[in-house]
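# quick one, structure for this:
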Amino acid sequence: MDELVKLVVQKTGLPEAQAKQAVEVVIGFLKAKLPAPVAGQIDGLLAGGAADNVAQGLGGLFGKKKG
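As a prediction, the model looks like this:
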């Protein structure tokens, strides 16, 4: 999750605490809206070192190109 927070800070200029709160809100929203098997994997992805891939995938939301 730290990677996502850093990305939000870089792209929006928000203070880190606000960026972390925003990321937590988005993750909570995704968990609530995705099918249970997929939603259950979000924490694992963020904690298991796949955060870079998640950050790249979601980077487009903040204007960052994938890749």
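
# pop out the phi and psi values for Gln41.
phi -90, psi -10 (degrees, to the nearest 10).

# biggest helix in this protein by residues?
helix 16-33 (DSSP state H).

# who's in contact with that helix?
By C-beta atoms under 8 Å, 6 or more residues apart in numbering, the list of residues contacting helix 16-33 from outside reads 1, 4-6, 8-9, 12, 14, 39, 42, 46. C-beta coordinates here come from the backbone N, C-alpha and C atoms, glycine included.

# check which residues of it are buried.
19-20, 22-23, 27 (16 or more other C-beta atoms under 10 Å).

# now Leu34: closest residue in space that isn't a chain neighbour?
Computed as C-beta to C-beta, 6 or more residues apart in numbering, the closest residue to Leu34 that is not its neighbour in sequence is Ile42, at 7.6 Å.

# about what we covered before: quick one: the contacts of helix 16-33 as a markdown table, columns for secondary structure and neighbour count too.
Shown next, in a markdown table, are the contacts of helix 16-33 (DSSP: H, G, I helix; E, B strand; the rest coil; neighbours: other C-beta atoms under 10 Å):
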| residue | secondary structure | neighbour count |
| --- | --- | --- |
| Met1 | coil | 17 |
| Leu4 | helix | 24 |
| Val5 | helix | 21 |
| Lys6 | helix | 16 |
| Val8 | helix | 24 |
| Val9 | helix | 18 |
| Thr12 | helix | 13 |
| Leu14 | coil | 15 |
| Ala39 | helix | 15 |
| Ile42 | helix | 16 |
| Leu46 | helix | 18 |
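
# export those residues to CSV and tack on pLDDT and distance to Lys31?
CSV is the format used below for these (pLDDT from 0 to 100; distance: C-beta to C-beta, whole Å):
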residue, pLDDT, distance to Lys31
Met1, 85, 13
Leu4, 88, 14
Val5, 92, 17
Lys6, 93, 21
Val8, 94, 18
Val9, 96, 22
Thr12, 95, 22
Leu14, 96, 22
Ala39, 83, 4
Ile42, 85, 6
Leu46, 78, 11
